[in-house]
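Asker: Predicted structure and sequence below. I'll ask about it afterward.
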There are 2 protein chains.
Amino acid sequence: MAQETKPRSILIADDEPDILEIVSFNLQAEGYEVITAKNGNEAIELAKTHKPDLIILDVMMPGKTGFEVCKILRTLPAFENTVIIFLTALNDDNTEIKGLETGGDDYITKPISPKVLTSRVNALFRRIVKETGSVLQIGDLIIDREKYIVTSNGEEITLARKEFELLALLTSKPSKVFLRNEILHKVWGTDVIVGDRTIDVHIRKIRQKLGSDCITTVKGVGYKFQM
Amino acid sequence: MAQETKPRSILIADDEPDILEIVSFNLQAEGYEVITAKNGNEAIELAKTHKPDLIILDVMMPGKTGFEVCKILRTLPAFENTVIIFLTALNDDNTEIKGLETGGDDYITKPISPKVLTSRVNALFRRIVKETGSVLQIGDLIIDREKYIVTSNGEEITLARKEFELLALLTSKPSKVFLRNEILHKVWGTDVIVGDRTIDVHIRKIRQKLGSDCITTVKGVGYKFQM
DNA sequence: GCGAATATTAAAAAATTGTAAACAAGATCA
DNA sequence: TGATCTTGTTTACAATTTTTTAATATTCGC
């Protein structure tokens, strides 16, 4: 039931092994998948084969500079939207401006704090990343809270608001039995008073729409969702 | 009808008049529309009324700090996606990390070069525009957010400002259901109060102009755009 | 089988949205 | 300037959908 998300991948190119190691270590600790390159040409190769989500480029590298790598990558459609961060010892305004104008998203000067770098990477991902949206998948049932859509076997099912919220509640913890009281509180709210049969009627409608046997009655207690 | 392009607007908050002046000057020279605030509370006020595309906040300000302003704004739906840059004399890793984690998109330490700031602003806008897509094409509908033009089957459709903003919001995430409240906040602003039927009427006008079946009503929830 | 709990059904009630028309405030233009 | 649009908003009512109630049947555990 838990949605497996592919970890975001980051390519780091730097000719100093120490930097590669410490930055890799910190980014991996944060949950990113890290690939390293020792120079510009290797960076381009690895970028093409791995298509990382973010690329960190040292500016001064043997072979090709970070700027050159960036320029080359940006001409390729696959990388026009990839986030690129420059890393450099050159603390010079004009170089920084040049880096940002070359197509870099950020420019960090050495010596860098690995934690700051990580924060900046996180900030960029937060900004770029489309929110995954709260999509719940159980068996062949997909519940998309953002789009307010329920799909069963690829077929879209229209649920009214209370029906949707009730189903969303039950599916939030499959197999858990929700007490009638609990359901009332969470779907209707604490200050709304409705009759006893109201829940039943809504459950019935959901059962009708989904094909009945995914919501089980636990007599005297409540309901639970199970595929 | 003259097609005016709405310039991107930037709000700068700093208690040092010199900084306000020099930064404003440079950003205006770059073509941005600049609004200035002298402290945190003024920043919040101006943000609410002007809804700028980007906000630059000094961290140390009388009244509310930049971090506090950021935190407050981020809780409002209208500002959850606004770009925020921190500006500060505190060259301290932990503070920088805190700033980025508070929801800031960038953190620049003083003394700053106005040109570097401008470059960073440009870089962030370049990135955002890519994500938001200043020109959106959905089916045979083309929405140019920058030029305020909507084209359907090659034919230009004239939308009033509110209509355009509403459509732009809905199309910014196709299929996502926007809550009525969310729409009110993002199109009308946080402190504007309009009647219940106002949204409906605008939706109706858009439907009339585009041919009705691209905006779907999700009763009790909101509206969504779908081709 | 008994009784309490739940299912079913239809119809009433409530909530939400669609629509047309009217209005004020600006903008536009002759 | 005054007349005429355009825009944004409100109002009032119609149309629709959702939610609830209430009355009746059915189920399930004991």
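Answerer: Arrived safely.

Asker: Show me what the closest residue in space to A:Val83 that isn't next to it in sequence bridges to in the sheet.
Answerer: Excluding the flanking residues, the one nearest A:Val83 by Cβ to Cβ, 6 or more residues apart in numbering or on different chains is A:Leu54, at 4.4 Å. From N, CA and C alone the C-beta is placed, and that goes for glycine too. A:Leu54 has these beta-bridge partners by DSSP bridges: A:Ile10, A:Val83.

Asker: quick one: contacts for A:Leu54?
Answerer: A:8-11, A:82-85, A:121, A:124-125 (Cβ atoms under 8 Å, 6 or more residues apart in numbering or on different chains).

Asker: Chain A against chain B: which residues are in contact?
Answerer: A:80-81, A:83, A:93, A:96-97, A:100-101, A:104-106, A:113, A:115-116, A:119-120, A:122-123, A:127-128, A:130, A:133, A:146-149, A:160-161 (Cβ under 8 Å from any Cβ of the partner chain).

Asker: Phi, psi for A:Met61 please.
Answerer: Phi and psi for A:Met61, reported as degrees, to the nearest 10, are phi -130, psi 150.

Asker: any idea where the strands of chain A begin and end?
Answerer: Assigned strands in chain A, in chain order: A:9-13, A:33-37, A:54-58, A:83-88, A:106-109, A:135-138, A:141-144, A:149-152, A:155-157, A:177-179, A:215-218, A:222-225 (criterion: DSSP state E).

Asker: so for the longest one, what's the average pLDDT?
Answerer: Predicted confidence along strand A:83-88 averages 92 (mean pLDDT).

Asker: Next: the fifth one.
Answerer: Along strand A:106-109, the predicted confidence averages to a pLDDT of 91.

Asker: Then the second one?
Answerer: For strand A:33-37, mean pLDDT is 94.

Asker: returning to that earlier point: distance to B:Lys224 and neighbour count added to the contacts of A:Leu54, as CSV?
Answerer: Output for the contacts of A:Leu54, formatted as CSV (distance: Cβ to Cβ, whole Å; neighbours: other Cβ atoms under 10 Å in any protein chain shown):
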residue, distance to B:Lys224, neighbour count
A:Arg8, 28, 18
A:Ser9, 32, 16
A:Ile10, 34, 25
A:Leu11, 37, 24
A:Thr82, 30, 20
A:Val83, 29, 22
A:Ile84, 34, 24
A:Ile85, 35, 22
A:Val121, 33, 25
A:Leu124, 29, 22
A:Phe125, 26, 16
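
Asker: Closest to DNA strand D out of those?
Answerer: Comparing the contacts of A:Leu54 against DNA strand D with Cβ to the nearest atom of the strand places A:Leu124 closest, at 34.8 Å.

Asker: Chain neighbours aside, what residue packs nearest to that closest one?
Answerer: Here the residue nearest A:Leu124, using Cβ to Cβ, 6+ apart, is A:Val83, at 5.2 Å.

Asker: my guess is that neighbour meets A:Arg126, correct?
Answerer: No - between A:Val83 and A:Arg126 there is no contact, the gap being 11.2 Å when judged by Cβ atoms under 8 Å.

Asker: burial count for A:Lys115?
Answerer: Residues near A:Lys115, counting by other Cβ atoms under 10 Å in any protein chain shown, number 14.

Asker: you'd agree it is up against B:Glu96?
Answerer: No - using Cβ under 8 Å, A:Lys115 makes no contact with B:Glu96, being 9.0 Å away.

Asker: Poorly predicted segments of chain A, please.
Answerer: Scanning chain A for pLDDT under 70 picks out A:1-6, A:129-134, A:212.

Asker: Chain A against DNA strand C: which residues are in contact?
Answerer: Within chain A, the positions lying close to DNA strand C (Cβ under 7 Å from any atom of the strand) are A:180, A:196-197, A:200-201, A:203-204, A:207, A:217, A:219-222.

Asker: Can you flag the buried ones in these?
Answerer: Neighbour counting by 16 or more other Cβ atoms under 10 Å in any protein chain shown classes A:203, A:222 among the residues of chain A next to DNA strand C as buried.

Asker: just the residues of chain A next to DNA strand C now: which is nearest chain B?
Answerer: Closest approach between the residues of chain A next to DNA strand C and chain B, by Cβ to the nearest Cβ: A:Val201, at 16.4 Å.

Asker: who touches the nearest residue in space to A:Glu80 that is not next to it in sequence in this structure?
Answerer: Spatial nearest neighbour of A:Glu80, chain neighbours left out: A:Arg74 (6.1 Å); criterion: Cβ to Cβ, 6+ apart. Residues near A:Arg74 by Cβ under 8 Å, 6+ apart: A:80, A:84, A:102-103.

Asker: State the number of residues packed around A:Thr190.
Answerer: Neighbours of A:Thr190 (other Cβ under 10 Å): 7.

Asker: Backbone torsions only: list them for it.
Answerer: With angles defined as degrees, to the nearest 10, A:Thr190 sits at phi -80, psi -20.

Asker: any residue of stretch A:169-186 up close to DNA strand D?
Answerer: No - applying Cβ under 7 Å from any atom of the strand, one finds stretch A:169-186 separated from DNA strand D by no less than 9.5 Å.

Asker: Can you tell me which of the strands of chain A is most buried?
Answerer: Burial of the strands of chain A is given as mean neighbour count (mean count of other Cβ atoms under 10 Å in any protein chain shown); strand A:54-58 ranks first at a mean of 26.

Asker: Touching, A:Val121 and A:Ile10? I think so.
Answerer: Yes - using Cβ under 8 Å, A:Val121 makes contact with A:Ile10 at a distance of 7.0 Å.

Asker: list the residues that contact both of these two?
Answerer: A:27, A:32, A:54, A:56.

Asker: Identify, from those residues, the entry nearest to A:Lys38.
Answerer: A:Ile56 (13.3 Å; Cβ to Cβ).

Asker: if I look at the closest one, how far off is A:Glu68?
Answerer: 15 Å (Cβ to Cβ, to the nearest Å).

Asker: now do A:Thr151
Answerer: For A:Thr151, the distance to A:Glu68 equals 47 Å [Cβ to Cβ].

Asker: now A:Asp196
Answerer: For A:Asp196, the distance to A:Glu68 - Cβ to Cβ - is 73 Å.

Asker: Name the residue most distant from the centre of chain A?
Answerer: Taking Cα atoms, centre = their mean, the residue of chain A most remote from its mean C-alpha position is A:Gly195, at 41.0 Å.
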